[in-house]
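> only geometry, no sequence info:
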């Protein structure tokens, strides 16, 4: 029961991430931000669905979320670093 609730919360976090990505105005390289946050939201929703359906356990989810965080920070740095 607890993992299903956590899965639902993670799905909602992914949906909010996608909604926030589409609030940005269409200027300059904002399309990269929209794409980046939309992909991040979709991956988060997929992980939440896997947890909701008990395909993965909570421990594996934590490891996958840490890997996702590290990879997303690297991509964000490479794409959006200040010049």
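Noted; the coordinates are in hand. Just so you know, these numbers come straight off a predicted model, no measurement behind them.
> let's test this: mean pLDDT of the helix or strand harbouring residue 40, rounded?
Using DSSP states H and E, residue 40 sits in helix 30-52. Mean pLDDT, computed over helix 30-52, is 84.
> after it comes which helix or strand?
helix 58-80.
> and that following helix, what does it pack against?
If you count contacts as 3 or more Cβ pairs under 8 Å, 6 or more residues apart in numbering; DSSP states H and E, helix 58-80 packs onto helix 2-21, helix 30-52. Using the backbone N, CA and C atoms, a C-beta is placed for each residue, glycine as well.
> can you rerun that using 6 Å?
helix 30-52 (3 or more Cβ pairs under 6 Å, 6 or more residues apart in numbering; DSSP states H and E).
> give the other helices and strands that the helix it packs on contacts.
helix 2-21, helix 58-80.
> just want the angle from it to helix 2-21.
Angle of helix 30-52 versus helix 2-21, following axes from the mean of the first three to the mean of the last three Cα atoms, to 10 degrees, is 170 degrees.
> what sits up against helix 30-52?
3-4, 7, 10-11, 13-14, 17-18, 21, 24, 56, 61, 72, 79 (Cβ atoms under 6 Å, 6 or more residues apart in numbering).
> could you identify the most distant pair in the residues you listed?
The span of those, defined through Cβ to Cβ, is set by 4 and 79 at 34.5 Å.
> hmm, which of the contacts of helix 30-52 is lowest in pLDDT?
Lowest pLDDT among the contacts of helix 30-52: residue 24, 68.
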